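> the sequence and its predicted three-dimensional model are supplied below.
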Amino acid sequence: MTAPASRDPVPQDTGPPALRARGIVKRFGPTLALDRVDLTVAPGEAHALVGRNGAGKSTLVGVVTGLHRPDAGTVALAGRPAPAHGDAAAWRARVACVHQRPMTVPGLTVAENLFLGRFEPGRPLIGWRRLRRRAAELLGAYGVDVDPRTRVGDLTVEQRQFVEIARALSFGARLIVLDEPTARLDARGGARLFARLRELGSQGVAFLFISHHLPEVYELCATVTVYRDARHVLTAPVADLSRTELVAAMTGDGGRPAPRPPAPATAPAAGERAPLLRTEGLALTGVYGPLDLAVRPGEVLGLAGAAAAGAVAVGETLAGMRAPTAGRITVDGRAVRPGRVPDALDAGIGYVPEERHRQGLVPGRSVAENATLTVAGRLGPFGIVLPARARALAQTMITALDIRTGGPGQSVAELSGGNQQKVVVARALARGPRVLVAVAPTAGVDITSKKSLLGVVRRFADEGGAVVLVSGELDDLRICDRVLALFHGRPAARFGTGWSDRELVAAMEGTTVGTATVPEAPTEAPTAVPEAPTSVPPEPTPGSGP
Ligand SMILES: Nc1ncnc2c1ncn2[C@@H]1O[C@H](COP(=O)(O)OP(=O)(O)OP(=O)(O)O)[C@@H](O)[C@H]1O
């Protein structure tokens with residue numbers, strides 16, 4: 001991405017900081033989300049802001065982008081005081097945030113989105129043709145190769161992010177906040193994004209980078225700031241801080257150990273080896289298949305691949321969210337009616353969706369209500385939910401999954417992103433499913449919680465459940481007994497335990513290296529039934545995994 005020729009490149013380390021936040025305090029009711037925190041980002045600097053779920057990162061982003069009014073403290077952008085709270089246009093001209101979730105309007109074209117909010121009332125309207133031409137010029141100037149007539153909803157995540165960055169820069173912003181920008185990109189997409197960010201950085205554009213993925217912090221950023229429990233803990237050059245030191249700063253000394261989660265309600269007898277979940281010829285035309293999967297009790301099957309690989313759609317089909325065009329699904333030998341969520345639930349399939357904001361949570365409801373949504377029928381007579389019972393069940397889940405919340409009665413909308421994700425997992429487990437289908441379960445979850453959450457998934461299997469874990473994250477896939485890599489919806493390679501990162505990434509990208517087995521038939525089911533339970537790799541430890 002190259003800046004337009006008219007923009008003078010700003011040399012690094014000159015001029016006032018791109019961002020200077022001092023003594024920021026922000027409360028939400030009784031919650032102190034930020035306690036006198038500071039943050040300074042130099043021009044052209046890529047600055048990481050890291051911390052555990054609930055540390056206050058998103059709140060700080062809200063304050064420095066004009067979304068939240070701080071209770072105390074000052075914000076200056078490029079040496080000038082930040083605009084007044086509520087003056088959205090003025091904020092947009094100074095700083096922009098590229099979120100995990102699209103902020104662009106999916107139904108509008110790229111051109112329309114680029115010029116959204118740019119015309120003030122009373123100013124002459126611009127013709128569509130001119131709008132498209134100007135959009136093409138703007139995209140060209142920033143090196144974004146996208147047709148301005150494309151609907152934003154039809155863009156890939158990567159293209160959408162580039163459009164959002166180009167849009168922000170065209171408004172004049174020289175500070176861009178990136179909130180987990182690589183969470184939904186594959187490895188190549190992430191590399192392309194970083195390359196463009198570096199280019200922009202060399203032209204003086206500063207980035208505030210929020211990520212739970214520590215290797216990315218080391219790869220992209222010069223400086224890192226750590227917040228913990230609403231406080232600023234440290235700011236240091238990334239090169240001066242080892243991974244262990246960084247994790248220690250994030251977790252502090254009082255890192256709570258992950259308690260054991262409740263066992264699945266209907267754990268099958270040990271030694272039962274018939275597949276619990278099976279698919280036969282499962283296919284969704286143009287997306288994936290046909291697929292023959294077989295997952296036994298005690299097993300975690302990984303489906304590796306980004307959304308484009310069809311892996312997410314397989315998960316959605318198993319959960320009844322999508323009707324397949326062919327094939328069938330059985331749980332414990334019984335056919336599950338396809339395309340219906342209630343039937344999948346009744347068959348014992350628990351589901352952790354990818355898009356927790358869209359599919360996962362009811363925002364206005366409490367943690368207890370959300371966590372127990374799928375078990376309402378069991379929480380009291382005649383379908384009446386007894387709040388005390390719901391709260392008690394939710395409290396078990398809060399403890400088991402280390403959900404940082406004021407209590408079961410708190411609204412989920414008030415939780416940090418990572419803690420919301422844990423509520424989604426809690427809900428999937430609340431019903432005591434026999435099969436768990438989890439799509440990108442650790443997205444947005446901090447390093448310590450990630451470990452405990454993957455531990456929960458692994459234990460669910462160890463206690464007799466069957467798991468299908470759909471993810472492009474290598475750390476997620478490390479807990480799997482077997483991994484099937486999909487490419488364009490077809491099995492590209494399968495692995496037992498002990499694969500190398502390079503092998504698996506290559507398989508997800510459609511090439512094979514090393515010891516991967518390329519399935520001849522469209523099946524991943526092992527030909528021989530293992531005699532003993534497959535070995536479980538050790539859980540990632542803080543410091544050894546991101
Ligand atoms: N709108 C809100 N109402 C009430 N409390 C809130 C609200 N937004 C955030 N909080 C609380 O403020 C604290 C900080 O949350 P924040 O979202 O800033 O954390 P975070 O570091 O971004 O976490 P994550 O990594 O999980 O996204 C949390 O305790 C959270 O519950």
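That came in fine, so what should we check first?
> going forward, measure contacts and count neighbours with C-alpha atoms only.
Fine.
> okay, now the unreliable bits of the stretch 351-500 of the chain?
Counting by pLDDT under 70, the stretch 351-500 of the chain shows low-confidence ranges at 355-360, 373-389.
> for the stretch 251-400 of the chain, what lies in contact range of the ligand?
By CA under 6 Å from any ligand atom, no part of the stretch 251-400 of the chain sits against the ligand.
> can you give me the neighbour number for residue 114?
Residue 114: 26 surrounding residues under other CA atoms under 10 Å.
> doesn't residue 165 make contact with it?
No: contact status for residue 114 versus residue 165: not in contact, 10.1 Å apart, counting by CA atoms under 8 Å.
> so how far is residue 114 from residue 134?
Noted for residue 134: a distance of 9 Å to residue 114, by CA to CA, to the nearest Å.
> before we move on, what about residue 368?
41 Å.
> same thing with residue 490?
36 Å.
> one more: residue 315?
For residue 315, the distance to residue 114 - CA to CA - is 34 Å.
> same question for residue 250.
The gap separating residue 250 from residue 114 is 37 Å, by CA to CA.
> then residue 420?
According to CA to CA, residue 420 stands 31 Å off from residue 114.
> how many residues are close by residue 285?
With neighbours defined by other CA under 10 Å, the count for residue 285 comes to 12.
> what sits against residue 462?
Each residue near residue 462 by CA atoms under 8 Å, 6 or more residues apart in numbering is listed here: 298, 299.
> mind checking the end-to-end distance for stretch 494-507?
Stretch 494-507 end-to-end distance (CA to CA) = 9 Å.
> pull out the buried residues from that stretch.
The neighbour-count criterion (16 or more other CA atoms under 10 Å) identifies 494, 495, 496, 497, 499, 500, 503, 504, 505, 506, 507 as the buried residues of stretch 494-507.
> do you know how far the first one is from the ligand?
In this view, residue 494 and the ligand are 33 Å apart by CA to the nearest ligand atom, to the nearest Å.
> partners of that residue in the sheet?
Residue 494 forms beta bridges with residue 484, residue 517, as assigned by DSSP bridges.
> surely it and residue 480 touch.
No: the pair residue 494 / residue 480 is not scored as a contact, 11.6 Å apart, by CA under 8 Å.
> packing partners for the helix or strand of the chain at the bottom of the mean pLDDT ranking?
Lowest on mean pLDDT, DSSP states H and E among the helices and strands of the chain sits helix 387-400, with a mean of 74. If contacts are counted by 3 or more CA pairs under 8 Å, 6 or more residues apart in numbering; DSSP states H and E, helix 387-400 sits against helix 367-371, helix 417-430.
> of all those helices, which one comes closest to residue 179?
Counting by CA to CA, residue 179 lies closest to helix 417-430 out of these; the figure is 11.1 Å.
> close to the ligand, is that closest one?
Yes: judged by CA under 6 Å from any ligand atom, helix 417-430 comes into contact with the ligand at 417, 418, 419.
> let me have those in a markdown table, adding distance to residue 245 as columns.
Output for the residues of helix 417-430 next to the ligand, formatted as a markdown table (distance: CA to CA, whole Å):
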| residue | distance to residue 245 |
| --- | --- |
| 417 | 24 |
| 418 | 22 |
| 419 | 24 |
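> all strands of the stretch 1-150 of the chain, in order?
Ranges of strands in the stretch 1-150 of the chain, per DSSP state E, counting those that start in this stretch, are 19-28, 31-41, 46-50, 72-77, 80-81, 95-98.
> buried sites along stretch 392-409?
The neighbour-count check on stretch 392-409 (16+ other CA under 10 Å) flags 393-398, 400-405, 408-409 as buried.
> quick one: that stretch to chain centroid distance?
Chain-centre distance of stretch 392-409: 21 Å, with CA atoms, centre = their mean, to the nearest Å.
> return the most buried member of the helices and strands packed on helix 387-400.
helix 367-371 (a mean of 29; mean count of other CA atoms under 10 Å).
> who are the packing partners of that helix?
helix 387-400, helix 417-430.
> how near is the closest residue to residue 204 other than its chain neighbours to the ligand?
Here the nearest residue to residue 204 in space, its sequence neighbours aside, is residue 44; by CA to CA, 6 or more residues apart in numbering that works out to 3.8 Å. According to CA to the nearest ligand atom, residue 44 and the ligand sit 24 Å apart.
> neighbours of residue 44, how many?
27.
> over to residue 209?
Neighbour tally, residue 209, other CA under 10 Å: 24.
> quick one: low-confidence ranges for the stretch 1-150 of the chain?
1-14, 100-104, 106, 117-126.
> repeat that for 90
1-15, 29-31, 52-54, 85-86, 88-90, 92-93, 96-150 (pLDDT under 90).
> and it, which residues reach the ligand?
Counting by CA under 6 Å from any ligand atom, the residues of the stretch 1-150 of the chain close to the ligand are 28, 31, 33, 51, 52, 53, 54, 55, 56, 57, 58, 59.
> just those: which are in helices?
57, 58, 59 (DSSP state H).
> three-state assignment of the spatially closest residue to residue 477 that is not a sequence neighbour?
In space, and not counting its chain neighbours, residue 477 is closest to residue 302: 5.9 Å by CA to CA, 6+ apart. Assigned with DSSP: H, G, I helix; E, B strand; the rest coil, residue 302 falls in the strand class.
> what sits against residue 302?
Each residue near residue 302 by CA under 8 Å, 6+ apart is listed here: 468, 469, 470, 471, 477, 480, 481, 482, 483, 484, 485.
> give me that answer again for 10 Å
The contact partners of residue 302, by CA atoms under 10 Å, 6 or more residues apart in numbering, come to 311, 438, 467-472, 476-485, 494-496.
> how is this structure carved up into domains?
Per the record, the chain has its domains at 19-109+171-251, 274-348+433-540, 361-432, by automatic domain parsing.
> using CSV, lay out the ones you listed together with distance to residue 142.
As requested, the domains of the chain are exported to CSV (distance: least, CA to CA, whole Å):
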stretch, distance to residue 142
domain 19-109+171-251, 9
domain 274-348+433-540, 25
domain 361-432, 31
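> number of residues surrounding residue 245?
Neighbour number of residue 245 under other CA under 10 Å is 12.
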